[in-house]
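K.L.:
Structure, please.
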Amino acid sequence: MNKELKEEKVFKDPVHRYIHVRDQLIWDLIGTKEFQRLRRVRQLGTTSLTFHGAEHSRFNHSLGVYEIMRRLTTTFSGKVHWREEDRLLALTASLLHDIGHGPFSHSFEKVFDTDHEEWTRKIILGKTEVNQVLIQVDPTYPQAVADVIEKTSANKLVTSMISSQIDADRMDYLLRDAYYTGVSYGQFDLERILRVMRPTEDQVVVKASGMHAVEDYIMSRYQMYWQVYFHPVTRSSEVILSKILKRVKALTEGNYSFKQEPIHFHSIFSGEMTLQDYLRLDESVMQFYFQCWQEETDPILADLCDRFLNRRLFDYAEFHPKERIYDWSRLTQLFAQANIDPDYYLVMDSSSDLPYDVYRPGEDERIPIQLLLPDGSLKELSSQSDVVDSISGKKRTDHKLYFPIDLIINDQIDPQIKSEIRSIIGW
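P.N.:
Okay, here's the model as predicted:
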């Protein structure tokens, strides 16, 4: 069973000022090697190549989500629908929600078709230090924590506290990412929102008096996605990263003889990656390989690694694929004629976001934010807020074409091919 520490542990934090740990269970989980690994996985992947301050880690973020959850459970204490026995479950799930993230997060997942939530489940339920700590509470406790993170738990209230359209996870990453990138877009009144949040049987709701603070939060999220998370320069670095991994995979399958053999990748290429193989991968390992692969005899791999490490990123232009099908087909032909491999040097990338949505049965069902009115009734947020209604259900998509302009303007390329390429991309 869990017990309190003899003396409270405190982490200094630039976003929340202090992070307080009073439970032995939480302290023990922080000390596990699986959780400490998160120090070596950056929260925003390649974003530091755009915003140089964005070097913070999943470790920072996980502690921040825990701290918001700790404050939220304190706010809920003694209120109707809140059960004190759920406090520890909420704290544990918030701390561990990102423990399965791999290096460079989503770029890694796209190339290798992995899912960090699935690896989170394996870490919590597998033969790990995290699992050994959790079973000290109860043999069924690891499964209870995994169910909350997977959103399959019968405890819908705790699940909504960590995974909904206004939860501890989103609130921390908006504030934290804004702080480390140096932008003001992600700022909102966290104190106010925490004070007006209330528990119900199935989800967290917000007192109507706090509607304007929630509007600010929704708009902050909207701005962060388009000004930071989907920044075209960051997407350029992600494109190059994904192409490095794609090239290594192709060379491995083609029996290429590496100067620096990618031994950490063998099991994932073969589809036999174990939990321990996965946990050995972090960004320091990846950076080591990229450094070495700059010297490979394969010119594509060497060039891509040099571009990534030394920030020689691809240029970009607006490109709407549905409207320019012919242009895309012609571009690939022209790149091939210019001896620029289009599989690695010509990329269409699309980013889209849905800042807020209402419940639509049968579709991607998103639990809406509910406002608690003075008479005790609940009203969906966008029905009361003109600001939120204006963006509710509106999916915005941005298309970019990425290419290395330095290779295109090379003097060795036929001038006619070069001219046609530049004409199509508008450069």
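
K.L.:
Domain ranges for the chain, per the record?
P.N.:
For the chain, automatic domain parsing gives the domain ranges 4-229, 232-351+399-425, 357-394.

K.L.:
The first one: end-to-end distance?
P.N.:
The one in question is domain 4-229. 39 Å (C-alpha to C-alpha, to the nearest Å).

K.L.:
ok so, going back, out of the domains of the chain, which is the most enclosed?
P.N.:
Scoring the domains of the chain by mean neighbour count under mean count of other C-beta atoms under 10 Å gives domain 4-229 as the most buried, with a mean of 19. Every C-beta, even on glycine, is put in place using the N, C-alpha and C of the backbone.

K.L.:
Report the mean confidence score over that domain.
P.N.:
Domain 4-229 carries an average pLDDT of 95.

K.L.:
and the residue nearest to residue 273 when sequence neighbours are not counted, helix, strand or coil?
P.N.:
Once flanking residues are discounted, residue 273 sits nearest to residue 267: 4.3 Å by C-beta to C-beta, 6 or more residues apart in numbering. Put simply, residue 267 is helix when judged by DSSP: H, G, I helix; E, B strand; the rest coil.

K.L.:
which stretches of the stretch 301-427 of the chain form helices?
P.N.:
325-337, 342-345, 381-384, 386-389, 405-408, 415-425 (DSSP state H, counting those that start in this stretch).

K.L.:
hang on, the earlier thing: what about the residue nearest to residue 273, distance to residue 20?
P.N.:
40 Å (C-beta to C-beta, to the nearest Å).

K.L.:
cool, and residue 195?
P.N.:
Counting by C-beta to C-beta - residue 195 and residue 20 are separated by 18 Å.

K.L.:
quick one on the thing from earlier: go through the helices of the stretch 301-427 of the chain and name the closest to residue 2.
P.N.:
helix 381-384 (35.4 Å; C-beta to C-beta).

K.L.:
helices and strands around that closest one, which ones?
P.N.:
Counting contacts by 3 or more C-beta pairs under 8 Å, 6 or more residues apart in numbering; DSSP states H and E, helix 381-384 packs against helix 211-224, strand 370-372, helix 386-389.

K.L.:
Keeping just the C-alphas, turn the last one into PDB.
P.N.:
Written as PDB, here are the backbone C-alpha positions of helix 386-389 (Å, rounded to 0.1, in the frame of the first residue of the first chain):
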ATOM      1  CA  ASP A 386     -19.400  32.800 -29.500                       C
ATOM      2  CA  VAL A 387     -15.600  32.600 -29.500                       C
ATOM      3  CA  VAL A 388     -15.500  28.800 -29.200                       C
ATOM      4  CA  ASP A 389     -18.400  28.400 -31.500                       C
END
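
K.L.:
if we can go back for a sec, among the helices of the stretch 301-427 of the chain, which comes closest to residue 5?
P.N.:
helix 381-384 (38.7 Å).

K.L.:
And for that closest one, what's in contact with it?
P.N.:
Helix 381-384 is touched from outside by 206, 208, 211, 214, 356, 358, 368-371, 388-389, 392, with contacts defined as C-beta atoms under 8 Å, 6 or more residues apart in numbering.

K.L.:
Between the residues you listed, which sits nearest residue 8?
P.N.:
For those, the residue nearest residue 8 by C-beta to C-beta is residue 206; the value is 29.6 Å.

K.L.:
nearest to residue 282, of the helices and strands packed on helix 381-384?
P.N.:
Among the helices and strands packed on helix 381-384, helix 211-224 comes nearest to residue 282, with 25.4 Å by C-beta to C-beta.

K.L.:
need the next SSE after the closest one, C-terminal direction.
P.N.:
Next along the chain after helix 211-224, taking DSSP states H and E as the criterion, comes helix 232-253.

K.L.:
quick one: residue 406 from residue 345, how far?
P.N.:
Counting by C-beta to C-beta, the separation of residue 406 from residue 345 is 11 Å.

K.L.:
same deal with residue 287?
P.N.:
Distance from residue 287 to residue 345, by C-beta to C-beta: 22 Å.

K.L.:
now the strands for this protein?
P.N.:
Remark: strands assigned in the chain by DSSP state E are 4-13, 17-23, 197-199, 204-207, 315-318, 347-353, 370-372, 378-380, 396-403.

K.L.:
who's in contact with residue 126?
P.N.:
residue 275.

K.L.:
So it versus residue 97, what's the distance?
P.N.:
For residue 126 relative to residue 97 (C-beta to C-beta), the value is 17 Å.

K.L.:
Model confidence score at the residue found closest to residue 344 once you drop the neighbours it is linked to in the chain, please.
P.N.:
Counting by C-beta to C-beta, 6+ apart, residue 243 is the residue found nearest to residue 344 once chain neighbours are left out, at 4.9 Å. For residue 243, the pLDDT comes out at 95.

K.L.:
same thing with residue 426?
P.N.:
With respect to pLDDT, residue 426 scores 88.
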